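Q: let's see this in three dimensions:
(one chain, ligands or ions: 1)
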Amino acid sequence: MGQEKRERSGENQTECGYEAEHLQKVREMAPECMVLLKSDGSFPLEEPGKIALYGSGARRTLKGGRGSADVYVKSYSTVEQGLENAGFRITTGYWMDAYEEEWKKARVNFRAWLKGKIAVEGMERLMENLSIVMPEPEYEIPLTGKGETAVYVLSRLCGEGVDRQDVPGDFLLTQTEIRDILRLQEQYPRFLLVLNMACIVDLSPVAEKVGNILLLSQPGQAVGDAFADVLLGRAYPSGKLTATWAKREDYGFLEFGQRDDTRYREGIYVGYRYFDSVGKKPVFHFGHGLGYTDFSLTCKAVSRESTEIRALVSVKNTGSRKGKEVVQLYVSVPEGKLDQPMQTLAAFAKTKELAPGEETELMLSFSMESLASTDAVLHAKILEEGRYVLRMGNSSGNTQVVGVVELLEKVITEKLFSVGGETDFDDWKPGVGSGEYESAEQSADKGKAEIPETETMRIPASAFRQAVREVPAVNPDALAFVKSLPDEELAYLCTGDYLGEGSQNVIGDSAITVVGAAGETTGRFRDRGVRNVVFADGASGLRLTRLYGIDEKGTYPIKEDNPLMEIENPMELLPEAMVKALTAMLPEIQPEERHGEIHEQNCTAVPVGTALAQTWNVNLVRECAAIVAEEMDHFGIQVLLAPSLNIQRHPLCGRNFEYYSEDPLISGKIAAAYVDGIQKTPGGKRAATLKHFICNNQDTNRFRTSSMVGERALRDIYARGFEIAVREAAPRCIMSSYNLLNGVHTSERPDLLETLLRREWGYQGMVMSDYMTGDKDAYAEKNKYRKFASAPSVKAGNDLMMPGGKAHYENILNALQGKDNEYALTRQEVEKCAARNVALAWELQELSPEN
Ligand code: BGC
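A: Now for the predicted structure:
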């Protein structure tokens with residue numbers, strides 16, 4: 001490939017002490033990610049012994065998901081290995097061998113089916129088709145493993161580029177799975193159903209009958225060993241769900257997965273906000289999670305200081321084992337002009353480890369302003385007068401009223417600009433249109449619960465001050481630097497670096513400095529004091545090519561088998577014409593003899609996003625990000641393309657495993673902690689990237705699908721987590737999303753990038769585009785929407801086009817020189833973006849290990 005290998009910082013190829021240390025840390029974190037959904041007290045086990053192990057994830061255990069959040073590791077422990085390492089004698093080797101055969105047979109059929117689909121649907125949908133996950137097959141294998149204890153590991157793979165399928169073997173259980181799980185429940189004295197997934201399945205066919213269910217999730221590289229720790233009670237699960245688990249038909253109210261326009265008609269009623277408001281009981285509530293012990297919660301006092309509300313809660317371990325509990329504080333906001341969900345999460349806190357009998361106190365607090373809703377007509381955030389009912393509990397389905405705050409007058413907490421554009425529908429409200437509103441048991445007392453007078457705190461409008469805004473200026477020195485540059489150099493500053501004339505904008509191709517990284521900013525100005533900044537994914541740990549060689553032509557990646565890619569060798573699935581076209585586009589995929597010394601880049605796979613959020617533990621999240629931060633320094637990466645915090649709007653979204661929650665508060669708090677862990681861990685100066693801004697809630701037709709969202713839902717649900725993370729943690733980078741918002745690409749919307757992010761939230765960092773799309777769109781005419789393009793993106797304040805390529809560069813330069821009249825760019829517009837990129841490079845090189 002003729003890659004130039006630029007000097008790398010902080011790297012020491014032989015030192016690998018960090019690997020064992022990070023693996024151990026990830027093993028210790030994993031149990032906090034796990035959610036014990038049901039328990040009849042049969043677990044944990046006292047000691048290892050004979051065990052009958054079944055299920056798709058027993059040997060094919062998943063440590064994480066597929067796509068840019070996948071991490072290439074040297075090895076990881078499967079459930080089978082974890083149990084063996086812990087001393088269990090597994091009696092079902094025959095079952096796992098037979099399952100492997102069934103899986104391979106199914107894959108042959110799946111490949112044949114896919115080949116047909118690709119031939120019909122052609123190049124345009126190639127990546128989407130190649131990303132489809134094979135649903136679990138049906139089979140019959142006898143369940144005759146010996147032992148008193150059986151464990152069934154049900155796994156589901158999700159990934160980027162395509163959404164999940166609403167079929168048995170993906171979102172639904174197969175007949176085989178239902179049959180086997182129910183039989184095992186009958187057959188063994190002790191049975192545990194283990195869910196090795198970071199997404200939702202419709203568990204309704206088995207959830208009631210099975211006594212013990214553990215959501216193992218996808219907690220990273222030590223998944224199998226950590227599971228054995230939990231099974232033996234050497235560690236305990238203390239996670240809670242961050243999404244509502246319901247049966248399939250209960251999600252029917254959501255429009256999802258349209259290729260052109262997907263209408264978010266449900267407005268703010270996402271997840272528990274919907275289920276609790278219409279009184280639909282899900283399979284498992286948002287926030288639910290048991291442990292190996294029990295807790296009692298007592299709210300000792302509710303108080304107010306100015307507009308901050310505090311609840312002092314005492315938590316006592318009333319069981320016989322150690323554990324940690326998460327206390328959740330919800331608020332029922334009174335309805336007035338605006339409708340409101342039955343309750344909204346306002347604060348949460350997790351205890352330290354509590355021994356049996358031990359008691360501790362937690363202070364939960366939130367500001368009244370954080371409960372304000374967007375009034376899109378008034379262009380303001382408002383709090384309406386009335387009674388705000390505080391509910392404390394340990395899941396959205398188990399709360400008790402602990403106080404009331406009465407607001408005496410309506411308050412405008414913030415004046416807003418108009419953002420996001422128009423929709424052609426009105427947002428759904430409970431009781432309107434669909435006939436869905438069967439007044440919920442819990443919502444009966446909404447806002448008018450019988451609370452003793454003494455517990456009501458009155459709060460006057462004078463307690464509030466309207467938010468003051470400071471619009472951040474672009475760094476004046478960086479601006480002065482770019483002003484002196486010719487147009488060509490300005491354009492280079494706004495695109496990722498790429499390898500010369502023939503170069504395509506492809507991720508692996510663009511990794512000049514670190515093999516398999518996700519590209520970098522331009523290196524043309526190194527001798528003028530602006531270093532190139534190196535970017536890498538991702539959301540579950542650093543994603544680099546694990547092995548690479550160096551020969552006289554430069555560095556080159558060495559391909560290894562990826563256990564998550566069931567379509568190894570995709571070329572065999574393509575019609576001949578397509579292979580030719582692809583080969584012409586990507587010359588480097590032709591095999592070429594390379595040799596030379598081989599190097600390793602071993603990164604740690606940390607828990608996936610959903611698993612991390614399920615800890616509800618911001619300190620743990622910070623420590624987890626610190627692992628990634630240390631590896632960034634080790635390999636010379638300055639910008640991490642994470643955290644991913646889109647809202648888990650619908651269970652079929654392929655990337656939900658990367659994301660944190662259906663709730664914006666938990667998404668924002670977890671993301672803020674992650675950003676802190678990346679940016680503030682001592683040792684180097686690094687940037688975290690919030691992505692994907694915004695409403696990137698499906699992967700079907702991901703480059704051209706438009707999320708149609710009303711302004712209230714946009715701000716109060718989809719933007720809120722980003723806002724929290726921007727305000728609390730000041731990330732240095734944000735990535736715009738592939739999708740359009742109300743018919744216009746997010747990267748091309750100044751109202752999002754300049755008005756909302758910078759003017760309203762005071763965001764000071766840079767914005768980059770998402771990857772591999774843009775300027776040469778062969779299918780623009782055939783689709784309702786084209787892909788996003790560089791010139792209009794730069795015009796809107798999207799500072800950097802990634803990963804970069806000739807087409808990006810030319811698009812910007814032409815627009816700047818008046819050769820593209822549709823998107824004419826002024827010097828000032830490009831200078832502003834270029835200066836933000838220079839400012840990032842300066843900031844990162846200031847303290848980087850290279851200095
Ligand atoms: C994904 C991003 C990722 C980027 C670089 C894109 O396809 O949407 O999340 O950071 O690739 O790998």
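
Q: what is the burial count for the residue in the stretch 151-300 of the chain that the ligand sits nearest to?
A: Nearest to the ligand, among the residues of the stretch 151-300 of the chain, is E160, at 6.2 Å (CB to the nearest ligand atom). C-beta: built from backbone N, CA, C; applies to glycine. By the criterion of other CB atoms under 10 Å, E160 has 21 neighbours.

Q: leaving out the residues flanking it, which one is nearest to it?
A: G67 (2.6 Å; CB to CB, 6 or more residues apart in numbering).

Q: the one you found and L130 touch, don't they?
A: No: counting by CB atoms under 8 Å, G67 sits too far from L130 to count as a contact (11.4 Å).

Q: any shared contact partners between these two?
A: Here G67 and L130 have G161 as joint contacts, going by CB atoms under 8 Å, 6 or more residues apart in numbering.

Q: who has more neighbours, the two?
A: More crowded of G67 and L130, by other CB under 10 Å: G67, with 22 against 16.

Q: any idea how far H22 is from the ligand?
A: Counting by CB to the nearest ligand atom, to the nearest Å, the gap from H22 to the ligand is 22 Å.

Q: write out the residues of this structure neighbouring the ligand.
A: Residues of the chain lying close to the ligand (CB under 6 Å from any ligand atom) are 68, 507, 518, 537-538, 641, 691, 770-771.

Q: farthest-separated two in the residues you listed?
A: Across the residues of the chain next to the ligand, no pair lies farther apart than I507 and K691, at 14.5 Å, counting by CB to CB.

Q: comparing the two, which residue is more hemmed in?
A: Between I507 and K691, counted using other CB under 10 Å, the more crowded position is K691 (28 against 19).

Q: does V618 touch Y674 like I think?
A: No: contact between V618 and Y674 fails when scored by CB under 8 Å: they sit 9.0 Å apart.

Q: neighbour count: those two, which is higher?
A: Counted by other CB under 10 Å, V618 and Y674 do not tie: Y674 has more neighbours, with 32 against 19.

Q: that one looks like it's in a helix, true?
A: Yes: applying DSSP: H, G, I helix; E, B strand; the rest coil, one finds Y674 inside a helix.

Q: ok, it - contacts?
A: Y674 is in contact with 612, 621-622, 624-625, 642-643, 688, counting by CB under 8 Å, 6+ apart.

Q: go again with 10 Å.
A: Y674 makes contact with 539, 609, 612-613, 618, 621-622, 624-626, 628, 640, 642-645, 660, 688, 690, 725, 729, 731, according to CB atoms under 10 Å, 6 or more residues apart in numbering.

Q: tell me the pLDDT at Q3?
A: For Q3, the pLDDT comes out at 37.

Q: need the phi and psi values for the nearest residue to R125 once chain neighbours are set aside.
A: Distances taken as CB to CB, 6+ apart place I118 nearest to R125, at 7.9 Å, with adjacent residues excluded. With angles defined as degrees, to the nearest 10, I118 sits at phi -60, psi -40.

Q: wait, I118 sits on M571?
A: No: using CB atoms under 10 Å, I118 makes no contact with M571, being 11.1 Å away.

Q: tell me which of those two has more neighbours.
A: Between I118 and M571, counted using other CB under 10 Å, the more crowded position is I118 (20 against 10).

Q: can you pull the pLDDT of that one?
A: For I118, the model assigns a pLDDT of 93.

Q: ok, now which ones touch it?
A: Applying CB under 10 Å, 6+ apart, we find I118 in contact with 125-126, 128-130, 570, 573-575, 578.

Q: one more: M29?
A: 219-220, 222, 226, 235, 606-607, 611-612, 615, 617, 620-621, 623-624, 627.

Q: at 6 Å instead, please
A: The contact partners of M29, by CB atoms under 6 Å, 6 or more residues apart in numbering, come to 620, 624.

Q: give me the distance between it and the ligand.
A: 23 Å.

Q: mind checking how far the helix or strand hosting that residue is from the chain centre?
A: When elements are assigned from DSSP states H and E, M29 belongs to helix 17-33. Remark: helix 17-33 is offset 20 Å from the chain centroid, using CA atoms, centre = their mean, to the nearest Å.

Q: cool, and stretch 732-740?
A: With CA atoms, centre = their mean as the basis, stretch 732-740 stands 13 Å off its chain's centre.
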